[in-house]
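A.B. asks: fold the following and give me the result.
(4 chains)
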2 protein chains.
Amino acid sequence: MYAMSIWTSPERPARGPKPVYSRARITEAAIRIADAEGLEAATMRRIAAEIGAGAMSLYRYVPSRDDLIELMADRLTGEIDLTGVPSGDWRADLTRYADELRAMWRRHPWIAAVPRSLPGLGPNQLRLIERLMGVLDPHVPIDENLGLVGLLNGYVEGAVREEIGAAEELRRSGLSEPEWMARNHAHVDRLVKSGDHPIFTKIVMEARRPHLSRDDQFRHGLRRVLDCVAAALPPAT
Amino acid sequence: MYAMSIWTSPERPARGPKPVYSRARITEAAIRIADAEGLEAATMRRIAAEIGAGAMSLYRYVPSRDDLIELMADRLTGEIDLTGVPSGDWRADLTRYADELRAMWRRHPWIAAVPRSLPGLGPNQLRLIERLMGVLDPHVPIDENLGLVGLLNGYVEGAVREEIGAAEELRRSGLSEPEWMARNHAHVDRLVKSGDHPIFTKIVMEARRPHLSRDDQFRHGLRRVLDCVAAALPPAT
DNA sequence: TGCTCATTGCGTACATCGTACTCGGTGACC
DNA sequence: GGTCACCGAGTACGATGTACGCAATGAGCA
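C.D. replies: Prediction:
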C-alpha cells in the first residue's frame, strides 16, 4: 500500500480498541512545541512525549512527519478568521485578511520554515481560498485574481519576515542574545566603516533609528499594495 | 572558540601544507548536487564525495552545513547580473532585475527551501543591495525604497514558486510522475466534484486550460507591480 | 456467550544525518 | 634543520525519521 496524501486518508475506521489520541491532539502538541522552540524542535519523539505517547504511536495517526507538518499548516490557516468576508467592501476585506495573516505569522513564526512549493489543500486552506478569492471574484477574471492575491500574500509574507527576522535568526543561531548582538554588530560595523557600501550603510542607520510603529509601517505598505489592486480593477468598482 | 559568522572567518591563513580544496569548489559541488537532486540531497558526505574528499575535510573550509548553505545562497546571488544598473531608467532596471531573479530561481529551485529570516550579508548579496537599491535611492527615502524592493521581491518569489511548484512537489514526494499525477488528480477531482468549492474549481479549470506563456504572464504581473512603484515615486520621475 | 481478527499502543532496531575528536603527515617559518 | 600550525580523513556519538513485529484490546458474528 502506498502512502496516501494526508487529505485523502480518513481519520479512522472502526473495529479494535478505541484510539487513545487523535490527529487534532497530535497536531496541537506539535504546534505548541514549534511555537516555543521552533519547527526543528518538533521531532516525532518530542511530540509523542508531549502527549504522553510512545514515539511510534504517532504513526497510527499520521503517515509521516512531512504530512504532520501539512496538518499543522492547515491548522494555522484555520486561525485566519474571515467570517463575513466577502462583505462587499473589497478594500476592507483584504485589509482584514492581511491583518489576520500577519497576526498568525507573528504567533507562529516557524511557518516561514515550512518548505512549500504549492498551496496546501486542507479543509481550512480550501475554505480560505473560497472566502478570500471571493472578494475579487465577481470583478476580475480568475487568473487576474490569483495574481492579485499572490501579490498581497507576497507583501504580507515579506513584511512579516522582516519583522520576525532578527528574533528568529537569534533563536536559530543558538547563541545568547548579547553574544549574537556582539557578533552581528561587529560584522555590520566593519561593513559600514569600510565605506564601500553607502546604501547598506543608510539601511543600517535607518534600522537603528527609532522608527514608525510596526503597525503603521505595515499599514502604509499595505495601502500601497491595495492601490495597486485598485488599479487592476474595472473602473466602476 | 566560538563559530564565527561565515563572512567574518577568512578563507585561509598561511603556514602548513597547502589546502587541496577551497570554499569555492565545495560550494560549487554542493550547488551542483542541489540543482540535480534538491537541497536535502546535498549532505556533507555527498558533497565531499563529489569532489573526492573525506567527509570531515569539508569542516576545514566551512564551520557548519548551515554556513555552507549561506555560501551557496550568496553564490546564487552572484548569478544575478546587474552590470550597468542603475542606468537612469528605473523601470528598465527593475524589469532587468526581476527577469534575472526569476531566471536564477528557475535554475536553482531549491533556493525556495533555504530557511532565511534575514537577508544574507555575503559579498554578492551586498553588491546586489547597492546596485538594486541604487535604482530608486535618489528618488525615495530609504525606508520607502526598502518597502518597494521588498514588494518586487515578494512578487517575483511568489510567481516563481507557482511556476516551479508542481515539479518541486513531485520531486519532494519521491513518487513517480504518473503515480503522483494520479494521486493528486484524484484528490483534486474529488474536491471539484463535491461542488463545495466553486472558486477552487475555477482555479483548477483555469490551470488545466492552455494558458498564456509563462513569460507573458510574468511580465503582465510585473507591469502591475511597477505601476505600483511608480505611484509611490515623486511625480516628476 | 464466546471466538475471531482488525486495530491499538509501542519497544526494538536500523540507516542516515551533522559533526566532535583525534591522528599522522606536511611544509613554511625562525 | 627543527618547530609547530595546518592539512586530510577515519572513527565515533547522539539524534533523527521510521520499518517491523508483538501483545493487548474489543466490535462483530456464530
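A.B. asks: just the C-alpha atoms of the helix or strand hosting A:Y97, please, in PDB.
C.D. replies: With secondary structure defined by DSSP states H and E, A:Y97 is part of helix A:90-107. What follows is helix A:90-107, C-alpha atoms only, in PDB (Å, rounded to 0.1, in the frame of the first residue of the first chain):
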ATOM      1  CA  TRP A  90     -13.100  44.600  -1.100                       C
ATOM      2  CA  ARG A  91     -10.700  47.100   0.500                       C
ATOM      3  CA  ALA A  92     -11.900  46.400   4.000                       C
ATOM      4  CA  ASP A  93     -11.900  42.600   3.300                       C
ATOM      5  CA  LEU A  94      -8.400  42.500   2.000                       C
ATOM      6  CA  THR A  95      -7.100  44.700   4.900                       C
ATOM      7  CA  ARG A  96      -8.800  42.300   7.300                       C
ATOM      8  CA  TYR A  97      -7.200  39.400   5.600                       C
ATOM      9  CA  ALA A  98      -3.700  41.000   5.600                       C
ATOM     10  CA  ASP A  99      -4.000  41.800   9.300                       C
ATOM     11  CA  GLU A 100      -5.200  38.300  10.200                       C
ATOM     12  CA  LEU A 101      -2.400  36.700   8.100                       C
ATOM     13  CA  ARG A 102       0.200  38.900   9.700                       C
ATOM     14  CA  ALA A 103      -1.000  38.200  13.200                       C
ATOM     15  CA  MET A 104      -1.000  34.500  12.500                       C
ATOM     16  CA  TRP A 105       2.600  34.600  11.200                       C
ATOM     17  CA  ARG A 106       3.700  36.500  14.300                       C
ATOM     18  CA  ARG A 107       2.100  34.000  16.600                       C
END
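A.B. asks: buried residues in it?
C.D. replies: A:90, A:93-102, A:104-105 (16 or more other Cβ atoms under 10 Å in any protein chain shown). Where C-beta positions appear, they are placed from N, C-alpha and C, glycine not excepted.
A.B. asks: of these, which is the nearest to DNA strand C?
C.D. replies: Among the buried residues of helix A:90-107, A:W105 lies closest to DNA strand C (Cβ to the nearest atom of the strand), at 26.9 Å.
A.B. asks: so which bits of the longest helix along chain A are buried?
C.D. replies: Taking DSSP state H as the criterion, chain A has its longest helix at helix A:142-173. The neighbour-count criterion (16+ other Cβ under 10 Å) identifies A:142-165, A:168, A:170-172 as the buried residues of helix A:142-173.
A.B. asks: what residue spans form the domains of chain A?
C.D. replies: Domain assignment for chain A, taken from automatic domain parsing, gives A:23-76, A:83-232.
A.B. asks: and the end-to-end length of the shortest one?
C.D. replies: Yep, that's domain A:23-76 we're talking about. 14 Å (Cα to Cα, to the nearest Å).
A.B. asks: does any part of it sit near DNA strand C?
C.D. replies: Yes. Counting by Cβ under 7 Å from any atom of the strand, DNA strand C is contacted by domain A:23-76 at A:53-57, A:59-61.
A.B. asks: going through those residues, which ones are buried?
C.D. replies: Counted by 16+ other Cβ under 10 Å, these give A:53, A:57, A:61 as buried.
A.B. asks: the first one in helix, strand or coil?
C.D. replies: The local conformation at A:A53, judged by DSSP: H, G, I helix; E, B strand; the rest coil, is coil.
A.B. asks: in chain A, where is pLDDT below threshold?
C.D. replies: Of all residues in chain A, those with pLDDT under 70 make up the ranges A:1-4, A:9-14, A:236-237.
A.B. asks: what do you get if the cut-off is 80, keeping everything else the same?
C.D. replies: Along chain A, the parts satisfying pLDDT under 80 run over A:1-5, A:8-16, A:117-118, A:165-166, A:169-170, A:172-180, A:182-183, A:210-212, A:236-237.
A.B. asks: which residues of it lie near DNA strand D?
C.D. replies: A:14-18, A:43-46, A:55-56, A:59, A:64-66.
A.B. asks: before we move on, back to that, ok, and does the longest helix of chain A reach over to DNA strand C?
C.D. replies: No. Judged by Cβ under 7 Å from any atom of the strand, helix A:142-173 makes no contact with DNA strand C; its nearest approach is 11.5 Å.
A.B. asks: buried residues in stretch A:184-197?
C.D. replies: A:184, A:187-188, A:191-192, A:197.
A.B. asks: contact partners for the closest residue to chain B within chain A?
C.D. replies: Across chain A, no residue is closer to chain B than A:G154, which sits at 3.0 Å (Cβ to the nearest Cβ). Each residue near A:G154 by Cβ atoms under 8 Å, 6 or more residues apart in numbering or on different chains is listed here: B:151, B:153-155, B:157-158.
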